[in-house]
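Undergrad: Any chance you could fold what I've pasted below:
(4 chains)
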Number of protein chains: 2
Amino acid sequence: MVEIATIEGVGLMVRGASTEQAGASPRKDFPIAERPGYLLHKAGLVLVEDVEKALGSVGMRIRDFFVLAALAGGPELSQQDLSRLLNLDPTTVVTVIDEMERNGHVERRRNPADRRRYNLFLTASGREALATADRVATEVESAFFGGLSADERAALHTTLGVLMAGRWPAAVCSD
Amino acid sequence: MVEIATIEGVGLMVRGASTEQAGASPRKDFPIAERPGYLLHKAGLVLVEDVEKALGSVGMRIRDFFVLAALAGGPELSQQDLSRLLNLDPTTVVTVIDEMERNGHVERRRNPADRRRYNLFLTASGREALATADRVATEVESAFFGGLSADERAALHTTLGVLMAGRWPAAVCSD
DNA sequence: TATTGTTATACTCTATAACTATA
DNA sequence: TATAGTTATAGAGTATAACAATA
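TA: Numbering: from 1, shown residues only, chains lettered A, B, ... in the order given. Predicted coordinates:
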């Protein structure tokens, strides 16, 4: 059995457990792990795993967090708005909001100006859940980015902003 | 209808299409979009989407690319090795390798030292497919990171390396 | 005629359990 | 007794199509 090495120098290597089998020492490159794209992809996955795990301890999924956060802002969103903002299928939004309405976190209120739509309203309970999720997520983020200096964090934030500029869902809010 | 703004200053805002409805101008914060964690998560997703789309044009999925790349290196991996390296369920590996064997990209060869295992062998056709996928992925990466200077790219790469240090699957290669 | 939300349904993906052959 | 691979199956997640209400 062989342990995988941490990323160092040129990147990730799978290398032999030299302590156990001196002669064997199978070593294997996994070159795409050196790619910035693969690293970015993997870092996003690992972070989400961390957040999912932490939110699980308070009975929440990461998507619930996103939905609560989306509904916490200014004018109330419709389900279609939410669908576009979070890149969720409209039928998925039905299920998600159904559950949140059962939880008492969200209320559907008919939009008087367009009775086909609901305005999704975050209840006090929903705001509490959001505050909890926000605290949990902040803790995970702090740990995840803990190895970086303040300057490195700021630079990362700026860089990610550049990468994502203009790459958000096009239409989000109705009216 | 309202368009979403690109990330600027404090972060993402959904704001009114002021050209159409002067008075309405609904404005909505989506504060978690300012989080470095959310940006990282979203950037990873968008990049993967780009790669999936580009690889689709050559009849490949991104996971095929990862598998081909993993098998291209030194000593041949078993299905369990691949499972650990790419964080795939062993039963999923069966399906993936089945398909790749039908494609002629991979061959299962019994490991003589342990006849329970296969050594997964990448054929010439598999290497061609890998070369194609590598070229496609490189083009997408170039476009995705195109807005960054060489220094910014290097800094991002370093930072991602720090974040991922020690966060890879523990055991990967057998023997 | 188009859009919002809904339901039913199918499809994909993944995970679980049981089995075999090997160790 | 444990492990590698396989199969069958169940479950979650998501997407598709059709529908009712409203614009």
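
Undergrad: you'd agree residue A:121 is in a helix?
TA: No. Using DSSP: H, G, I helix; E, B strand; the rest coil, the secondary structure at residue A:121 is strand, not a helix.

Undergrad: Find the nearest non-adjacent residue to it, please.
TA: Of all residues not flanking residue A:121 in the chain, residue A:107 sits nearest, at 4.4 Å (C-beta to C-beta, 6 or more residues apart in numbering or on different chains). C-beta coordinates here come from the backbone N, C-alpha and C atoms, glycine included.

Undergrad: Get me the contact residues on chain A for DNA strand D.
TA: With C-beta under 7 Å from any atom of the strand as the criterion, chain A meets DNA strand D at residues A:61, A:88-89, A:91-92, A:95, A:114-116.

Undergrad: any idea how far chain B is from residue A:99?
TA: 20 Å (C-beta to the nearest C-beta, to the nearest Å).

Undergrad: now the helix or strand where that residue lies: mean pLDDT?
TA: Applying DSSP states H and E as the criterion places residue A:99 in helix A:90-103. Over the span of helix A:90-103, the pLDDT mean works out to 97.

Undergrad: where in chain A is pLDDT low?
TA: Applying pLDDT under 70 to chain A flags residues A:1-28, A:168-175.

Undergrad: And the strands in it?
TA: Taking DSSP state E, the strands of chain A run over residues A:13-14, A:28-29, A:106-110, A:118-122.

Undergrad: Between these, which shows the greatest average number of neighbours?
TA: Most buried of the strands of chain A, by mean neighbour count (mean count of other C-beta atoms under 10 Å in any protein chain shown): strand A:13-14, with a mean of 25.

Undergrad: Can you show me the helices along chain A?
TA: A:36-56, A:62-71, A:79-86, A:90-103, A:124-144, A:150-164 (DSSP state H).

Undergrad: In a markdown table, list those along with mean neighbour count.
TA: Listed next are those as a markdown table, based on neighbours: other C-beta atoms under 10 Å in any protein chain shown:
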| stretch | mean neighbour count |
| --- | --- |
| helix A:36-56 | 20 |
| helix A:62-71 | 22 |
| helix A:79-86 | 21 |
| helix A:90-103 | 15 |
| helix A:124-144 | 16 |
| helix A:150-164 | 17 |
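
Undergrad: Same list (those) but as TSV, adding distance to DNA strand C.
TA: Shown next, in TSV, are those (distance: least, C-beta to the nearest atom of the strand, whole Å):
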stretch	distance to DNA strand C
helix A:36-56	11
helix A:62-71	12
helix A:79-86	3
helix A:90-103	4
helix A:124-144	17
helix A:150-164	24
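
Undergrad: From the centroid of chain A, which residue is nearest?
TA: The residue lying closest to the centre of chain A (C-alpha atoms, centre = their mean) is residue A:48, at 5.1 Å.

Undergrad: and the gap between that one and DNA strand D?
TA: From residue A:48 over to DNA strand D the distance is 12 Å, taken as C-beta to the nearest atom of the strand, to the nearest Å.

Undergrad: can you check residue A:147 too?
TA: As for residue A:147, its distance to DNA strand D is 30 Å (criterion: C-beta to the nearest atom of the strand).

Undergrad: ok, now residue A:123?
TA: Counting by C-beta to the nearest atom of the strand, the gap from residue A:123 to DNA strand D is 23 Å.

Undergrad: For that residue, grab the count of nearby residues.
TA: Residue A:123: 16 surrounding residues under other C-beta atoms under 10 Å in any protein chain shown.

Undergrad: List the contacts of it.
TA: A:104-107 (C-beta atoms under 8 Å, 6 or more residues apart in numbering or on different chains).

Undergrad: Disregarding residues adjacent in the polypeptide, which is nearest to whichever residue of chain A sits closest to chain B?
TA: Using C-beta to the nearest C-beta, residue A:44 is the residue of chain A that sits closest to chain B, at 2.7 Å. The spatially closest residue to residue A:44, leaving aside those adjacent along the chain, is residue B:44, at 2.7 Å (C-beta to C-beta, 6+ apart).

Undergrad: ok, the one you found - contacts?
TA: A:40-45.

Undergrad: likewise residue A:101?
TA: Counting by C-beta under 8 Å, 6+ apart, residue A:101 makes contact with A:107-108.
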